[in-house]
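Undergrad: My questions concern the predicted model and sequence given below.
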Amino acid sequence: RPIDSADKEEDFANHLEILYQNHSNVLIQMARGAYELREAVKAGTILPSCKDSVDNTVYFEEMDGCHEFLDRFYMSRIGIRVLAGQYLALRHQGEMGEDYIGMIC
């Protein structure tokens, strides 16, 4: 739906604010998951996904697919949070102070 009125923009901003707040703890959850994965790998409870493993050991540092996924996830997430945060901050420009343009000082 196009945003072609002040009311629609207000509605969009309210929905974006709710999403922004509801997803604020995702990085903490992802960090906890990465920590738990690393601990499981250290404990030997994660088995190799391929049969080429010589000693049947998984090393967290060598989980390239996992690291590539997390890199893409974090970069995407950071970009989306910055864009949403800047948009929302611009809507409340007067509250940020004279030295700010949105979130940027």
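TA: It's in. Numbering: from 1, shown residues only.

Undergrad: Distance check, the residue nearest to residue 86 when sequence neighbours are not counted against residue 78.
TA: Leaving aside its sequence neighbours, residue 86 sits nearest to residue 102 (Cβ to Cβ, 6 or more residues apart in numbering; 4.4 Å). To be clear about C-beta, it is placed using only N, CA and C from the backbone, and glycine gets the same treatment. Distance, residue 102 to residue 78, using Cβ to Cβ, to the nearest Å: 16 Å.

Undergrad: Wait, the residue nearest to residue 86 touches residue 95, no?
TA: No. Using Cβ atoms under 8 Å as the test, residue 102 is too far from residue 95 to be in contact (11.2 Å).

Undergrad: Show me which of those two is the more surrounded one.
TA: residue 102 (16 against 8; other Cβ atoms under 10 Å).

Undergrad: In the helix ranked longest in the chain, which residues are buried?
TA: The longest helix of the chain (DSSP state H) is helix 64-91. Neighbour-count burial for helix 64-91, with 16 or more other Cβ atoms under 10 Å as criterion, is recorded at 84, 87, 88, 89.

Undergrad: what's near enough to touch the second one?
TA: Neighbour list for residue 87: 13, 16, 102 [criterion: Cβ atoms under 8 Å, 6 or more residues apart in numbering].

Undergrad: Which ones among the residues you listed lie within helices?
TA: Residues of the contacts of residue 87 located in helices (DSSP H): 13, 16.

Undergrad: Number of residues surrounding residue 100?
TA: 15.

Undergrad: Which residue is the nearest non-sequential neighbour of residue 85?
TA: By the measure of Cβ to Cβ, 6+ apart, the closest residue to residue 85 outside its immediate chain neighbours is residue 103, 5.4 Å from it.

Undergrad: where does the one you found sit relative to residue 71, distance-wise?
TA: Noted for residue 103: a distance of 24 Å to residue 71, by Cβ to Cβ.

Undergrad: swap in residue 9?
TA: Relative to residue 71, residue 9 is positioned 34 Å away (Cβ to Cβ).

Undergrad: Also residue 39?
TA: For residue 39, the distance to residue 71 - Cβ to Cβ - is 21 Å.

Undergrad: Good, we can wrap up now.
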